[in-house]
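*Asks:* coords please:
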Amino acid sequence: MVTGDVRWCGNSLNLGWSTMCNSASEIPTTRVKFVNVSSVPASTTLPPSFYLSSQPTFWLTPWGTPPWPAIGPDVKGGQAPDGVGGYSYAIPAQLCYLNTSVDATYAAADPKILLFNAANCYPSAYKNLSPAIVAPAKVKAVVH
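*Replies:* This is a model prediction of the structure:
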């Protein structure tokens, strides 16, 4: 180990070392420059997301509800089309993309242009909106 390196439990290049923390006592709190002792976690259990405290409402889709969290080293049995090793399920945005029809007006386009409608993909996020969201009509692009 290079002098000055700090390796928290589970953060090791040694392939034989466990990637799990056995206790919070494994986290250094002394003799480490700039360590914030108050930031030592009380538990070694990580939340499903550091961003959201629970599954978001838009997670429900017409094509099913993916497991929460959908991606990560603790996910088992994932079947995302682009996933590797079963560590990911298709997220709502991917389910929307895979299940959205191609716009017939641009059928010859490559890549295909889809008829995206957020209210169709994420109905739980749009069910309480009033008035209904309507796409703009008679929109023209002017090239200068």
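
*Asks:* CA atoms for contacts and neighbours, from now on please.
*Replies:* OK.

*Asks:* outside of stretch 85-104, which residues touch it?
*Replies:* Identification of contacts with stretch 85-104 by CA atoms under 8 Å, 6 or more residues apart in numbering yields 58-61, 63, 65-67, 70-81, 83, 112-116, 121-122.

*Asks:* quick one: terminal-to-terminal distance for stretch 60-75?
*Replies:* End-to-end distance for stretch 60-75: 19 Å, by CA to CA, to the nearest Å.

*Asks:* what mean pLDDT would you report for that stretch?
*Replies:* Stretch 60-75 shows a mean pLDDT of 89.

*Asks:* So what touches it?
*Replies:* Residues contacting stretch 60-75 (CA under 8 Å, 6+ apart): 48-49, 55, 59, 78, 86-92, 95, 120-124.

*Asks:* Which phi and psi values does residue 114 adopt?
*Replies:* phi -100, psi 160 (degrees, to the nearest 10).

*Asks:* need the contact list for it.
*Replies:* By CA under 8 Å, 6+ apart, the residues touching residue 114 are 100-103.

*Asks:* out of those, which are buried?
*Replies:* If you count burial by 16 or more other CA atoms under 10 Å, the buried members of the contacts of residue 114 come out as residue 100.

*Asks:* Mark which of the contacts of residue 114 are part of strands, please.
*Replies:* When the contacts of residue 114 are checked against strands (DSSP state E), there are no matches.

*Asks:* And the pLDDT at residue 81?
*Replies:* Reading off the model, residue 81 has pLDDT 84.

*Asks:* Contact partners for it?
*Replies:* Residue 81 neighbours (CA under 8 Å, 6+ apart): residue 90.

*Asks:* Which strand or helix spans it?
*Replies:* Using DSSP states H and E, residue 81 sits within no helix or strand.
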